[in-house]
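Enquirer: no FASTA, just this:
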């Protein structure tokens with residue numbers, strides 16, 4: 001591990017939220033106030049085509065319905081992550097590393113110049129449309145290690161995400177998932193349903209993968225211009241993976257290894273981790289890592305905690321930029 005001392009500031013790493021993130025309607029206080037953020041949100045809404053205006057109007061109206069539906073939550077999470085990245089770049093901050101969770105990995109790919117924004121949004125539209133045609137399912141948040149779950153999961157339930165040593169998301173069809181919840185509760189394992197109508201990152205998504213692979217294969221992919229850690233592999237993205245359409249196309253059915261990827265990132269270097277998503281969900285995960293808990297790395301969020309009062313909501317961005325400046329980076333003060 002590279003030790004950060006007084007000779008250089010900790011490099012900045014952006015974290016992009018995805019499946020399991022709550023409150024994708026956050027960020028409204030920046031719209032119409034921060035030009036970079038506003039323009040980026042509008043750019044994504046325009047690229048979403050006929051569904052874009054309705055999604056934008058619902059977001060601006062503060063509607064909270066439908067956030068468990070792929071057709072609303074996924075595009076909003078993508079747009080929010082991309083807009084927050086553009087906002088930070090507009091403040092003069094240049095990230096040294098990127099890591100995304102689920103659809104957040106698509107945002108990271110755009111920021112790293114692996115894929116263009118129009119192509120990424122086109123694929124997002126195809127992916128969410130295909131996901132909505134899969135059999136009804138859901139996801140279950142479990143406070144346990146993967147090893148603890150061995151032998152407890154019924155057929156049809158898969159580990160969909162490993163967010164930390166004892167933070168797991170399961171996915172599957174409704175009945176097997178309900179049986180998994182009964183078994184886990186009987187063993188005293190804490191669990192709760194997550195907000196999702198589909199079994200993302202599980203074999204239930206295989207038909208959606210097959211339907212969308214042609215779209216991925218006709219897309220131009222490039223090696224990353226910024227170090228990108230992949231939650232699909234749990235390590236740095238290689239040029240071969242970045243330019244392989246099947247690597248990207250199959251992510252919808254494979255598990256999200258965000259925890260292992262974050263651990264690898266913080267083993268490779270000490271960072272200022274910047275949560276570029278809603279509700280500080282990734283900030284919470286980052287703070288539990290020993291590298292952050294010990295102070296070797298730092299973690300900040302561009303948005304406030306969920307349900308924050310108007311005052312703290314407005315200060316979150318300024319506080320995050322000030323924390324980055326305090327590390328030795330010199331983005332211009334806005």
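Expert: Received it, and whenever you're ready, just let me know what you need. Note that this is a predicted model, so its numbers are computed, not measured.
Enquirer: low pLDDT regions in the stretch 101-250 of the chain?
Expert: Within the stretch 101-250 of the chain, no stretch has pLDDT under 70.
Enquirer: quick one: the helices in it?
Expert: 103-111, 117-131, 174-186, 206-217, 239-242, 245-249 (DSSP state H, counting those that start in this stretch).
Enquirer: and these, which is most packed in?
Expert: Across the helices of the stretch 101-250 of the chain, the average number of neighbours (mean count of other Cβ atoms under 10 Å) peaks for helix 103-111, which reaches a mean of 27. For every residue, glycine as well, the C-beta is placed using N, CA and C.
Enquirer: and that helix, what does it pack onto?
Expert: With contacts defined as 3 or more Cβ pairs under 8 Å, 6 or more residues apart in numbering; DSSP states H and E, helix 103-111 has these neighbours: strand 12-16, helix 70-90, strand 97-100, helix 117-131, strand 227-230.
Enquirer: between those, which one is closest to residue 218.
Expert: Comparison of the helices and strands packed on helix 103-111 against residue 218 by Cβ to Cβ identifies helix 117-131 as nearest, at 9.3 Å.
Enquirer: want to try CSV for the helices of the stretch 101-250 of the chain, with distance to residue 147 as columns?
Expert: Compiled in CSV, the helices of the stretch 101-250 of the chain are given as follows (distance: least, Cβ to Cβ, whole Å):
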stretch, distance to residue 147
helix 103-111, 25
helix 117-131, 29
helix 174-186, 14
helix 206-217, 26
helix 239-242, 27
helix 245-249, 27
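Enquirer: among those helices, which comes closest to residue 303?
Expert: Taking Cβ to Cβ, helix 103-111 is the member of the helices of the stretch 101-250 of the chain nearest to residue 303, at 13.8 Å.
Enquirer: distance between that closest one and the chain's centre?
Expert: Remark: helix 103-111 is offset 8 Å from the chain centroid, using Cα atoms, centre = their mean, to the nearest Å.
Enquirer: could you check the angle that helix makes with helix 117-131?
Expert: Using axes from the mean of the first three to the mean of the last three Cα atoms, to 10 degrees, the direction of helix 103-111 lies 160 degrees away from that of helix 117-131.
Enquirer: hmm, back to that, distance to residue 51 added to the helices and strands packed on helix 103-111, as CSV?
Expert: Output for those, formatted as CSV (distance: least, Cβ to Cβ, whole Å):
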stretch, distance to residue 51
strand 12-16, 21
helix 70-90, 7
strand 97-100, 22
helix 117-131, 8
strand 227-230, 28
